[in-house]
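[1] Give me a model of this one.
(2 chains, ligands or ions: 2)
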Amino acid sequence: MQNLKTLAPLAWRNLWRNTRRTVITLIVVSVGLWSVLFFNSFLNAWGQAGKDAVLDLLIGQGQIHAQGYMDDPSIERLMRPPEGTFLEALEAGEIGAWSMRLQLPGVVVSEYKTLPVNMVGVDPAAERILSSIPEKIVKGRYLLDAHDSSVILGISLAERLKTGVGRRVILMSQNVAGALSEQSFDVVGIYDADKATEDYYAFTGLVAAQKFVGLDDEIAQITFTIPEEEALESTVARLALAAPDLDVRPWKQLSLFLATTDSFMQNFIYIWLAVVFSLMAIGIVNTQLMAVFERTHEFGLLRALGMKPRQVLVLVALESTFLIGFGVLLGVALAGMTIWALADGIDLSAFAAGLEMFQGGQVLYPQYDAQRFVVFSLLIWVLGILVALWPAWRAAKLSPIEAMRQVT
Amino acid sequence: MINPIVRCRGVGKSFGSGELVVHALRDVDLDILAGDFATLAGPSGSGKTTLLNMIGALDRPTSGTVEIDGQSLAGMDKSGLSELRLHKIGFVFQAYNLVPVLSAQENIEFVLQLQKVAPDERARRAREVLAEVGLEGMGHRRPSALSGGQQQRVAVARALVSRPSIVLADEPTANLDSATTTELVGLMARLNQELGITFVIGTHDPRVMDHSQRHIELLDGRIASDTRS
Ligand SMILES: Nc1ncnc2c1ncn2[C@@H]1O[C@H](COP(=O)(O)OP(=O)(O)OP(=O)(O)O)[C@@H](O)[C@H]1O
Ligand SMILES: [Mg+2]
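    Ligands and ions are numbered 1, 2, ... in the order given. Predicted structure coming up:
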């Protein structure tokens, strides 16, 4: 303690002696930390936007099926529309919207081609709130209501079938009797999403789909959205409790691909952190070593006067602690200002053409991530101090006589 | 009989090894007594600095023993030697004696801080020694705002302030002009006479030797003569 009281003021004054060291260290640390913090916010926003775009399209934040449906999505494993406590649970606060769907795997036939398709019977009123497909109609119109027995196709599928709005296609799927139903549908609308979705999903009214395969009111799936991401787990648990015989799943269990990209996005920042820190460490060690060697004579003098090697180590380490600390503060301020300046969003639409993950005109909103700001700042600070112990140790181990012989 | 402050017996110091070995000191016996004002002279390379380093606990001999105030340097680690220097020895070097970022007063107080002396007493003692070396009122100045002679006087003040057993000065006047040299040596001689401070000064300078009451000549790492006047 007494040591610190003696050494801290001396270290403080020494900070401002070597302008080159001070400036280089400040720049290296602040720009490094800035890049980590800003990149973190950017990646979060990017991952979030990409994820939201995909979830909004069809998946939602979660889905409910009959037990076993996910493993064997057949017409024998359907469920009844929700009622009683289950319906109440669906209508509760955290759930933004929910929608009933009936998925019918089958084939679609045009004059030219027969292709596999997943015919989805939907309730257009609910879909308009929950899914972005209704907004992605580029030709014709979306479905009018659940009784609408026309069909909406994706651009890519329509092109491959060589069909379009105003034409008809035939759909075939297994019906309740185990036989094949076949019916012709008017193509009334074309939607534009990513190719995988376009090629596989066709939409018609829920009631029309049920009639097509001879069902009453059975459905295959309830999709729901939850505006507050934090409420996801508890809501899923609550729904599972309200419908114990059904299979309630959050999106991470529905799309392995998305769950993987999401955790990659979350963790990629650590790779960046490691890269930045390695560069920073080289900068810090070099400038500190330079500063130590420039003051060799002085360290010899201090040792001659009776300072112990350990005290010299503490002195130099304190200098780095202050200096890197300033760099960290500067970096946090820079990152804060950058994010503030970009609060209106970064428009990626110019680049989005090549990024199928994004559904057109994507705008990112980088946000402060208070927890990671604090953690990364402290991490950089502490790691910076640790690598700076090496030059400090070099200073401490100088022999006073050798050091004093150097007259600079 | 009073114990000597410094007691060297059979002290040898060599640098390097094999064909390149340099014997800087050979078999030196020397006692420095309390109140001595000794000059250490000899040609360049004769071992003056090396001997002062031994006496000042900056280095340990290759052979023989050095005792300071009865404590043998043998077997002391770096920290132990530092502690010994801090409490027993004051140093004045040829140049760059002061820590540039500290004022004169702070430079002097610094050793007291290392000795864990209370702030009030530190300030008082530092002002006292500054007055003693004739630099009253200059305490706030940084070394860069002091002349060479003034810097050396601050160094002398700093060497005194910890009340060491002995003050060692290696070529303290080498960078000073003639008038300033006379002034500094006069100051050290006065401190020796009035306060009984023990000095050992390594020097080439006859103006310094003029003041000495004991003169030691080194030649090739051996004591060639040791005379009191
Ligand atoms: N660290 C060292 N390594 C190798 N040789 C050394 C070292 N220190 C001193 N010497 C050698 O020891 C001998 C004595 O050196 P020393 O510095 O004690 O002489 P000096 O009397 O102080 O000389 P000067 O008057 O030039 O200061 C010289 O030959 C010198 O080259
Ligand atoms: Mg010398």
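
[2] burial measure for residue A:279, as a count.
    For residue A:279, the neighbour count with other Cβ atoms under 10 Å in any protein chain shown is 13. No exception for glycine: its C-beta is placed from N, CA and C like everyone else's.

[3] Show me what the helix or strand it falls within is packed up against.
    In this assignment (DSSP states H and E), residue A:279 forms part of helix A:256-294. If you count contacts as 3 or more Cβ pairs under 8 Å, 6 or more residues apart in numbering or on different chains; DSSP states H and E, helix A:256-294 packs onto helix A:19-54, helix A:309-341, helix A:370-396.

[4] what's near enough to touch the residue positioned nearest the centre of chain A?
    Residue closest to the mean C-alpha point of chain A, counted by Cα atoms, centre = their mean, is residue A:47 at 2.8 Å. Applying Cβ atoms under 8 Å, 6 or more residues apart in numbering or on different chains, we find residue A:47 in contact with A:261-262, A:265-266.

[5] can you rerun that using 6 Å?
    Residue A:47 makes contact with residue A:265 under the criterion Cβ atoms under 6 Å, 6 or more residues apart in numbering or on different chains.

[6] re earlier: the helix holding residue A:279 versus helix A:19-54: what angle between them?
    180 degrees (axes from the mean of the first three to the mean of the last three Cα atoms, to 10 degrees).

[7] now helix A:256-294 against helix A:309-341, angle please.
    Using the same axes, to 10 degrees, helix A:256-294 lies at 130 degrees relative to helix A:309-341.

[8] Show me what counts as buried in helix A:256-294.
    A:258, A:261-262, A:265, A:269, A:273, A:276-277, A:280-281, A:283-285, A:287-289, A:291-292 (16 or more other Cβ atoms under 10 Å in any protein chain shown).

[9] cool, and stretch A:153-170?
    So for stretch A:153-170, counting by 16+ other Cβ under 10 Å, buried means A:153-158, A:160-161, A:163, A:165, A:169.

[10] mind listing which of the residues you listed are in strands?
    Mapping the buried residues of stretch A:153-170 onto strands (DSSP state E) picks out A:153-154, A:169.

[11] just the residues you listed now: which is nearest residue B:145?
    The closest of these to residue B:145 turns out to be residue A:154 (Cβ to Cβ; 81.9 Å).

[12] For residue B:223, pull up the helix or strand it's in.
    Counting by DSSP H and E, residue B:223 is found in strand B:222-228.

[13] Residue A:115 too?
    strand A:114-122.

[14] List the buried residues in that strand.
    By 16+ other Cβ under 10 Å, the buried positions in strand A:114-122 come out as A:115, A:117-122.

[15] near ligand 1, which of those residues show up?
    With Cβ under 6 Å from any ligand atom as the criterion, those include none near ligand 1.

[16] Need those in a markdown table (columns: distance to residue A:396).
    Output for those, formatted as a markdown table (distance: Cβ to Cβ, whole Å):
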| residue | distance to residue A:396 |
| --- | --- |
| A:115 | 75 |
| A:117 | 74 |
| A:118 | 71 |
| A:119 | 76 |
| A:120 | 72 |
| A:121 | 77 |
| A:122 | 73 |
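
[17] Might you report the residue contacts of the residue of the stretch 201-350 of chain A found nearest ligand 1?
    Going by Cβ to the nearest ligand atom, ligand 1 is nearest to residue A:300 of the stretch 201-350 of chain A, at 12.4 Å. Listed by Cβ under 6 Å, 6+ apart, the contact partners of residue A:300 are A:400, A:403-404.

[18] Need the worst-confidence member of these.
    Among these, residue A:404 has the lowest pLDDT, at 80.

[19] what's residue 199 sitting at in phi/psi?
    You didn't pick a chain, so chain A it is. Reported as degrees, to the nearest 10, the phi and psi values for residue A:199 are phi -70, psi -20.

[20] please go with chain B instead
    Dihedral angles (degrees, to the nearest 10) for residue B:199: phi -120, psi 140.

[21] Wait, it touches residue B:167, no?
    Yes: taking contacts as Cβ atoms under 6 Å, residue B:199 lies within contact range of residue B:167: 5.2 Å.

[22] Helices along chain B, start to end?
    Along chain B, counting by DSSP state H, helices occupy B:48-55, B:78-88, B:104-114, B:119-132, B:148-161, B:178-195, B:206-209.

[23] what does the stretch 101-250 of chain A give?
    Secondary structure of the stretch 101-250 of chain A (DSSP state H, counting those that start in this stretch): helices at A:124-130, A:155-161, A:195-200, A:206-212, A:232-242.

[24] and the shortest one, how far out from the chain's middle?
    Right, the one you point to is helix A:195-200. Relative to its chain's centre, helix A:195-200 lies at 23 Å (Cα atoms, centre = their mean, to the nearest Å).

[25] Mind listing what's buried along that helix?
    Within helix A:195-200, the residues that qualify as buried are A:197-200, counting by 16+ other Cβ under 10 Å.

[26] avg pLDDT for that helix?
    92.

[27] State the number of residues packed around residue 53.
    Assuming you mean chain A. 18.

[28] I was thinking of chain B, sorry if that wasn't clear
    Residue B:53 has 24 neighbours, counted by other Cβ under 10 Å.

[29] Ok, residue A:66 next?
    Neighbour tally, residue A:66, other Cβ under 10 Å: 19.

[30] Tell me who's in contact with it.
    When contacts are counted by Cβ under 6 Å, 6+ apart, residue A:66 touches A:77-79.

[31] ok, now residue B:156?
    So residue B:156 contacts B:92, B:133 (Cβ under 6 Å, 6+ apart).

[32] hang on, the earlier thing: need the helices and strands packed on helix A:256-294 in CSV with distance to ligand 2, can you?
    Below are the helices and strands packed on helix A:256-294 laid out as CSV (distance: least, Cβ to the ion, whole Å):
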stretch, distance to ligand 2
helix A:19-54, 32
helix A:309-341, 24
helix A:370-396, 24
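
[33] Now do the residue nearest to residue B:55 when sequence neighbours are not counted, the pLDDT please.
    Nearest residue to residue B:55, sequence neighbours excluded (Cβ to Cβ, 6 or more residues apart in numbering or on different chains): residue B:6, at 5.1 Å. pLDDT, the model's per-residue confidence, is 94 for residue B:6.

[34] Can you report how many residues neighbour the nearest residue to residue A:290 once chain neighbours are set aside?
    Using Cβ to Cβ, 6+ apart and skipping residues adjacent in sequence, the residue nearest residue A:290 is residue A:21, 6.5 Å away. Residue A:21 has 23 neighbouring residues, counting by other Cβ under 10 Å.
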